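Asker: sequence-free structure coming up:
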């Protein structure tokens, strides 16, 4: 028998660990495995985490809390390609979360990710590295890092990748990066346009769309538009428009072409290849609101250049815009209206758009959409500027009423342009009366109260344009518009202040409005403005002068001077020199004061009042019977009663027309009728009559001045010797009149002993009635005098020589009728004594 040999089993080395299969059901365990030194474990852990993070956003947050990103960050540069790939996949899928992106920025992962974009790298790494970069490129700081770390060049190179996901992520990342102007210039230098144009032929719409969006951003730069034209990019874009299958890309394509319209060189190129005609034809037939809106916006933007406007006009862009104006979309209407406004800078376009465009734009003024209303009225403002024909077309299209209604719009831009159009219509055409009949002055009251300086300026300008009419001024006054107008004088805006001054100047054309402006403080504000070297202007000076010229009582009280052109009329009163800062009281307010020992108020009223009809008849009777001219008396009586009868008829007709008047209006009428009116001064009427009979017929002005001076002195107590002036007790006489009348207000005709300022006032009043030009100057210590300009006789031996007029002071106290040459010692003495 052979010997039996025992077979020994060979055991493994002591330092080798047998393979162990672990089944983990929690992400925490997988995160712990990321610290393993084994590549296989790392790869599987990353793969598991990728699948877990892909499920929903909450899982991403969970992994963030477990510290997975810090471990993964170390693995994206791992030497094993599978580990590196799987780690980057987790980064790419998790980067969509906001909190994850924040930590990724802190970890500064952009540089490691960019390094993974090398040409020889795995396509999956390219896909998820670009995906991660695309998610992070939303933030400006990441854009800067990608640019500084050289990320643009590999991203542009990957636009030519055979993998569509890499293309999509790369172009999306580039799109986000070029939102920054610095990156736009950089990608242009890196020749990004050819690969972008190639992506337009991709079979994936999302890639085509992102490529177009990127082209739309970078084509905002003129250099890029030139390159786009040179690389046949315009042809590519036009082909997309001509292809119905690409209808979902038409909006983005038009956005790119819209930028091209803003460059003369590119637009000319587009015109040469017939692309501009194709583009406008496409817009005429398109019914997609976004396409219509974007096209109109592009035209509006491009029309800012005069050469481009000319090219667009040559291609009859006006027809396209008018066609788009018929759309139902409010957004399109707004964009088209803005384009019309821009094209109006071209005179020929303005004419072409006005005929058909104005009626359609007028209809849009009644839109419920405030933005549409604003755009439409802005277009009308552009169309009517310096165009009398278009201004008339607005009126013919019944646009005045909706324009006035637009003054109540919610948007300041609509109000500004509505005021502009209305002002233009009033200044360029015969529409002023029609506008005023629509209550323009009442409608302007609210714009005057606006806090927007542009609205304030335009509203004040409109008031200046329309207040030339007395009825308009009355309407503004009754509507309470003078108050906010006066407040605009305080404006810090120079244009607002200037237009407000102009409006005040026009409004102060009648005495009643001028008086109310003064009561509202306009005079004090204007005086303050004119003391300022910065705010003072010709407008403020004229406004102050105009207010005072139509409120002579206030002017004389404040300035102490009336020029020869300041004609004193009925209702004037002299209450003495007013102190700075003191309120100037109306005659009615003064009449309600109790009798005091202060200076009497001298008032002028040579006009018969309705309430004093009987007194007027008795005055006329005594006047004409004393002159034994019964025929003249009968004529005046017939005229007087005819006027009363005519007035009665008018009032009767008026009462029939307003039988349905509202209580509020009736109340206003009663209030107006209740205003205090001073009684007529029959003695003054007597003086004027006598002077017109005896002095007016004199042949020379010098004779009239001398005779009138003597007449005034005779009626005011005669001449007074210079050394006995203190014995001339005129104060007691005035006090007696005040006591008799139980009032501080004294009619000038009642004064029989008057001093300097009484006589000078009476001289000025009568001189103004008979056409003698003279001033009224207030001096100190109850002094006042009149200055006249007279032409002296030619020197002997020089016949026919016309000498310049000389200025004289008229002596009314010591030698009535004596003319004192202005500037002489005697003149100074007369003023001071």
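Answerer: Yep, it's here. Quantities reported herein were computed from a predicted structural model and do not represent experimental measurements.

Asker: any idea how far residue 89 is from residue 53?
Answerer: Here residue 53 is placed at a distance of 9 Å from residue 89 (Cβ to Cβ, to the nearest Å). Bear in mind the C-beta positions are built from the backbone N, C-alpha and C, glycine included.

Asker: Tally up the residues packed near residue 29, please.
Answerer: Number of residues near residue 29 (other Cβ atoms under 10 Å) recorded here: 14.

Asker: oh sorry, the question was meant for residue 736
Answerer: Applying other Cβ under 10 Å, we find 12 residues neighbouring residue 736.

Asker: next one: the host helix or strand of it to chain centre, how far?
Answerer: Take DSSP states H and E as the rule and residue 736 turns out to sit in helix 730-741. Computed by Cα atoms, centre = their mean, to the nearest Å, the chain-centroid distance of helix 730-741 equals 57 Å.

Asker: Now do the same contact list for residue 499.
Answerer: Contacts for residue 499 were tallied using Cβ atoms under 8 Å, 6 or more residues apart in numbering; they are 457, 458, 460, 461, 464, 488.

Asker: In a helix, it, correct?
Answerer: Yes. In this structure, residue 499 lies within a helix as judged by DSSP: H, G, I helix; E, B strand; the rest coil.

Asker: what's the nearest residue to it if we skip its chain neighbours?
Answerer: Closest residue in space to residue 499, ignoring its immediate chain neighbours: residue 460 at 3.8 Å, by Cβ to Cβ, 6 or more residues apart in numbering.

Asker: Confirm for me that the one you found is in contact with residue 486.
Answerer: No. No contact is recorded between residue 460 and residue 486 when judged using Cβ atoms under 8 Å, the distance being 10.7 Å.

Asker: intersection of neighbour lists for these two?
Answerer: Common contacts of residue 460 and residue 486, defined by Cβ under 8 Å, 6+ apart, comprise residue 500.

Asker: returning to what we had before: return the list of strands paired to the following helix or strand past the helix holding residue 736, each annotated with direction.
Answerer: Next along the chain after helix 730-741, taking DSSP H and E as the criterion, comes strand 745-747. The strands that strand 745-747 pairs with in its sheet are strand 601-603 (parallel) (by DSSP bridges).

Asker: what's in contact with the strand it pairs with?
Answerer: Outside strand 601-603, the residues within contact range by Cβ under 8 Å, 6+ apart are 571-576, 587, 590, 678, 681, 744-748, 751, 758, 761.

Asker: mean confidence for that strand?
Answerer: Average pLDDT, strand 601-603: 94.

Asker: and what of stretch 359-371?
Answerer: Taken as a whole, stretch 359-371 has an average pLDDT of 95.

Asker: returning to what we had before: what helix or strand does the residue nearest to residue 499 sit in?
Answerer: Secondary structure assigned from DSSP H and E places residue 460 in helix 453-466.

Asker: What helices and strands are in contact with that helix?
Answerer: Secondary structure elements in contact with helix 453-466, counted by 3 or more Cβ pairs under 8 Å, 6 or more residues apart in numbering; DSSP states H and E, are helix 412-428, helix 432-437, helix 440-443, helix 445-448, helix 494-507.

Asker: List of residues touching the fourth one?
Answerer: I take that to be helix 445-448. Helix 445-448 is contacted from outside by 407-408, 415, 419, 455-456, 458-460, 463, 476, 479-481, 484-485, 488, using Cβ under 8 Å, 6+ apart.

Asker: Name only those of these that count as buried.
Answerer: Neighbour counting with 16 or more other Cβ atoms under 10 Å marks 407, 415, 419, 455-456, 458-460, 463, 476, 479, 481, 484-485, 488 as buried within those.

Asker: which of those lies closest to residue 829?
Answerer: Distance ranking of those against residue 829, using Cβ to Cβ, places residue 485 first at 46.9 Å.

Asker: surely the closest one meets residue 504?
Answerer: Yes. The pair residue 485 and residue 504 passes the contact test of Cβ under 8 Å, sitting 6.7 Å apart.
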